[in-house]
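K.L.:
here's my sequence, what's the structure:
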Amino acid sequence: LICNDEGRLAVMDLAIQNLVGSLPTEIGVFDGLDFLYLFRNGLTGTLPTELGNLGDVDFCYLNENNFTGTIPDELSGLLDADDLYLFGNSLV
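P.N.:
Numbering: from 1, shown residues only. Here you go, the predicted model:
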């Protein structure tokens, strides 16, 4: 976890940490996040719509988990991201 000069969380790198369970809706409070790396864990459930609040994110790697369900329309808020990786899940 890395904060920027303003004290806001800028980097959340929890990739390959054997995390399990669902991604909490509170992820959306980190609206100043630039990098979200949660790939290659055991995260399950649906993607929270609150991910769409991360409009400043440049790199969002949620690949290779066990997410299911549909990709929320709210993720269109991440269209300016340089990379949005969702592969390796069971999303439609």
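
K.L.:
pLDDT weak spots in the protein?
P.N.:
For the chain, applying pLDDT under 70 flags no range at all.

K.L.:
tell me where it has strands.
P.N.:
In the chain, the strands defined using DSSP state E lie at 2-3, 9-13, 20-22, 35-37, 42-45, 59-61, 66-69, 83-85, 90-91.

K.L.:
measure the nearest residue to residue 53 once chain neighbours are set aside to residue 90 for me?
P.N.:
Distance criterion Cβ to Cβ, 6 or more residues apart in numbering; nearest residue to residue 53, sequence neighbours excluded, is residue 28 at 3.8 Å. Bear in mind the C-beta positions are built from the backbone N, C-alpha and C, glycine included. As judged by Cβ to Cβ, to the nearest Å, residue 28 and residue 90 stand 22 Å apart.

K.L.:
please apply the same query to residue 42.
P.N.:
Distance of residue 42 to residue 90, given as Cβ to Cβ: 13 Å.

K.L.:
burial measure for the residue nearest to residue 53, as a count.
P.N.:
By other Cβ atoms under 10 Å, 17 other residues sit near residue 28.
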